[in-house]
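*Asks:* need a 3D model of the sequence below.
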Amino acid sequence: MNRQAVHARPRVNQPTGFRGTGYSRPSYHYGRSHDYVFFPVGWTDETTGRIYEKGYYDENGQHYANVAFENNGRYENVICHCAYCDQDTIMNPRAEEVSARSLQCPNCGAALEIRSALDAYLPGPQNYNTGAVRSGERKSILPRILLCIILVFAGLGVLSSFLIRKLESEEFRITETNTDDTSNVDLFGDVIDLTESGGSAYTISEGASDKQLVWDPDADSYYDKNSDCWIWYNTDVDPGIWQYWYEGISSDFGDYGWMEHYEDGWFIEESYDNWIELPAEYDTDDLWYIQGS
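*Replies:* Okay, here's the model as predicted:
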């Protein structure tokens, strides 16, 4: 099971006082080394007077002017500098080219200096803008921050008179408490008792149970030995959702393979941020899921 850093890291020393609307809202990126919030514009905290630059801030509050992420063997938007030409070039090099430091200036052929911080996207928490929707628009990942535009008809018989009224967008303020640090163990304890509730569904119960899940601290998930399944409750989306890693199915999808269950069946992350219906070739008779939270 590929259990790289799936959960969001606790955030400390975070920038404060940001107010963004529309395209100036921040986006979130989860990497092997750090979790980042990207702010597309700089701002001044009106309360403290502190000035913040645009760019990426990791979970410790460290600022990066640019971060290039590796995804599927290639880095995206790497800023490179040629000391000979004194020019910057944005490139999408292969990971092996970056490791070998073999990038050459397209103008003069000299060796390029990489100016971007480098990281790699991870499966697990999705990398998203605060207005995005995850899993094929099935679940909202943050509270909706844009209100719909209302068209008001301005008069009977006047065919071309419309008034478009834009409602004020909800202010987005990011503080040191913007991450839900509540762990699965805090929510459900080290052991979860489950009772069959029909078909392949189970509900959380107390006392006597038909299935018992035990917390595996090494995998940061609960484990069911009978089905060889790891499961955790993802609180990084709203509302939270149970996610499953079934060996023999999930392991076929490399760095991805986490599964979710909905009323219309099982879905699996086939590739980065690409959720599909579980292919028919996989037998679901022995797959189980938890109803509700």
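*Asks:* low-confidence stretches in this structure?
*Replies:* Residue ranges of the chain with pLDDT under 70: 1-8, 20-25, 123-181, 273, 293.
*Asks:* show me where it has helices.
*Replies:* Remark: helices assigned in the chain by DSSP state H are 95-99, 184-188.
*Asks:* any buried residues in the first one, and which?
*Replies:* What it means is helix 95-99. Buried residues in helix 95-99, defined by neighbour count with 16 or more other C-beta atoms under 10 Å: residue 98. No exception for glycine: its C-beta is placed from N, CA and C like everyone else's.
*Asks:* show me what it is packed against.
*Replies:* Other helices and strands packing on helix 95-99, by 3 or more C-beta pairs under 8 Å, 6 or more residues apart in numbering; DSSP states H and E, are strand 74-75.
*Asks:* hey, where'd the strands end up in the stretch 101-250 of the chain?
*Replies:* 113-114, 117-120, 128-129, 133-134, 139-140, 150-153, 162-165, 191-198, 201-205, 211-216, 221-224, 229-234, 241-246 (DSSP state E, counting those that start in this stretch).
*Asks:* is residue 68 bridged to anything, and to what?
*Replies:* Judged by DSSP bridges, the bridge partners of residue 68 are residue 118.
*Asks:* any idea how far residue 9 is from it?
*Replies:* Going from residue 68 to residue 9 by C-beta to C-beta, to the nearest Å gives 20 Å.
*Asks:* quick one, which of the two is more surrounded?
*Replies:* Applying other C-beta atoms under 10 Å to residue 68 and residue 9 shows that residue 68 carries more neighbours, namely 23 against 15.
*Asks:* isn't residue 101 right next to residue 118, touching?
*Replies:* No - counting by C-beta atoms under 8 Å, residue 101 stays clear of residue 118, with 11.5 Å between them.
*Asks:* pick out whichever of the two has more residues nearby.
*Replies:* Neighbour tally, residue 101 and residue 118, criterion other C-beta under 10 Å: the higher count belongs to residue 118, 17 against 10.
*Asks:* contact partners for that one?
*Replies:* 67-68, 70, 75, 78, 98 (C-beta atoms under 8 Å, 6 or more residues apart in numbering).
*Asks:* repeat for residue 290
*Replies:* Residue 290 is in contact with 194, 201-204, 231, 242, counting by C-beta under 8 Å, 6+ apart.
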